[in-house]
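Enquirer: sequence and predicted structure below; questions after.
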Amino acid sequence: MKVLIVHAHEEPRSFNAAMKNTAIRVFEEMGHTVVVSDLYRMRFKAVADSDDFLERKDRHILVRQAEERYSTNLGTLAPDILEEQRKVLDCQLLILQFPLWWFSLPAVLKGWVDRVLSMGFAYDQEGRWYDHGGLKGRRAMLSLTTGDPESCFSPRGIHGSMDQVLWPIQHNTLYHCGFEVMAPFVAYAVARRSQAEREALLQAYAIRLRGLDGEAPLAFHPLERYGDGMQLKAGFEP
């Protein structure tokens with residue numbers, strides 16, 4: 001299996017980096033191939049702008065999705081985008097490794113999503129989205145850290161449930177692009193934990209990764225369950 005880890009933390013001695021290194025070690029011990037996109041070390045350009053297109057369909061006004069489709073067909077997206085897209089196409093498992101930042105992705109990782117998972121490549125019109133997305137046949141997983149404890153991310157917690165927090169990333173981004181999305185691994189409140197507790201978290205992460213092949217993906221509704229106005233048909237619960 002080929003694994004792509006997209007890592008988004010600026011500090012090489014961070015717990016996120018330790019999680020990334022744990023994943024590399026575990027997958028390589030299992031005989032898998034691991035590729036890492038370390039976005040800070042790469043100085044990855046996070047801002048999506050007109051420089052992403054070497055050729056333009058319309059040089060007078062920028063309509064991003066139209067230019068993404070046009071450049072995808074021509075192969076004229078910026079070289080850094082094409083390189084990351086090649087990595088995505090070549091992997092069977094994508095792991096996004098990041099600290100939860102304002103209840104979402106850090107800016108550099110959001111920029112990777114914005115620029116790399118483009119229209120014409122990861123999804124398109126005419127039904128090429130969700131379980132029919134352009135990256136169908138691959139799995140994806142979030143591996144993340146938080147500042148607050150797990151109790152804050154419960155249904156009665158102050159931040160709401162972690163499922164709610166991660167819905168825009170897991171369902172509306174990864175599943176939208178066709179990925180089968182595995183349950184996330186969340187390391188809660190790592191800055192408040194002892195060294196022994198951090199080591200235990202890394203061990204738990206290693207155990208989780210070793211058993212990943214035996215897990216079922218998260219259950220999201222397929223397109224055929226939606227009718228007029230993209231509303232769930234009668235008989236299906238949200």
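Expert: Arrived safely. Numbering: from 1, shown residues only.

Enquirer: off-centre distance for stretch 53-68?
Expert: Averaging C-alpha positions (C-alpha atoms, centre = their mean, to the nearest Å) puts stretch 53-68 25 Å from its chain's average.

Enquirer: start and end of that stretch, how far apart?
Expert: 8 Å (C-alpha to C-alpha, to the nearest Å).

Enquirer: mind listing what's buried along it?
Expert: The neighbour-count check on stretch 53-68 (16 or more other C-beta atoms under 10 Å) flags 53, 67-68 as buried. The way it works is simple: take the backbone N, C-alpha and C, and place the C-beta from them, glycine included.

Enquirer: quick check, nearest of those to W129?
Expert: Nearest to W129 among these, counting by C-beta to C-beta, is E68 at 14.0 Å.

Enquirer: contacts for the helix or strand encompassing the closest one, please.
Expert: Assigning secondary structure by DSSP states H and E places E68 in helix 64-74. With contacts defined as C-beta atoms under 8 Å, 6 or more residues apart in numbering, helix 64-74 is touched by 48, 52-58, 77, 118-121, 124.

Enquirer: starting at the chain centroid, how far to the worst-scoring helix or strand of the chain on mean pLDDT?
Expert: Sorted by mean pLDDT, DSSP states H and E, the helices and strands of the chain end with helix 64-74, the least confident at a mean of 95. Centre-to-centre, helix 64-74 and its host chain are 22 Å apart (C-alpha atoms, centre = their mean).

Enquirer: now for the following helix or strand past the helix holding E68, which elements pack on it?
Expert: Later in the chain than helix 64-74, the nearest helix or strand by DSSP H and E is helix 79-90. Where contact means 3 or more C-beta pairs under 8 Å, 6 or more residues apart in numbering; DSSP states H and E, helix 79-90 is packed against strand 2-7, strand 33-38, helix 107-116.

Enquirer: for the record, mean pLDDT for helix 79-90?
Expert: What helix 79-90 shows for mean pLDDT is 98.

Enquirer: what's the first helix or strand after it?
Expert: Tracing the chain C-terminally past helix 79-90 and defining elements by DSSP H and E, one meets strand 93-99 next.

Enquirer: end-to-end on stretch 211-228?
Expert: Distance across stretch 211-228, first residue to last, is 40 Å (C-alpha to C-alpha).

Enquirer: ok, now stretch 116-135?
Expert: End-to-end distance of stretch 116-135 (C-alpha to C-alpha): 12 Å.

Enquirer: any idea of the mean pLDDT in that stretch?
Expert: Mean pLDDT, computed over stretch 116-135, is 95.

Enquirer: which residues touch the residue nearest the centre of the chain?
Expert: With distances taken as C-alpha atoms, centre = their mean, the chain has L96 as the residue nearest its mean C-alpha position (4.7 Å). Residues near L96 by C-beta under 8 Å, 6+ apart: 6, 8, 105, 109, 140-144, 169.

Enquirer: in strands, which of those fall?
Expert: Counted as lying in strands by DSSP state E, out of those, are 6, 140-144.

Enquirer: low-confidence bits of this protein, can you list those?
Expert: Low-confidence segments of the chain (pLDDT under 70): none present.

Enquirer: residue with max distance from the center of it?
Expert: In the chain, the residue that sits farthest from the middle, by C-alpha atoms, centre = their mean, is H60; the gap is 32.8 Å.
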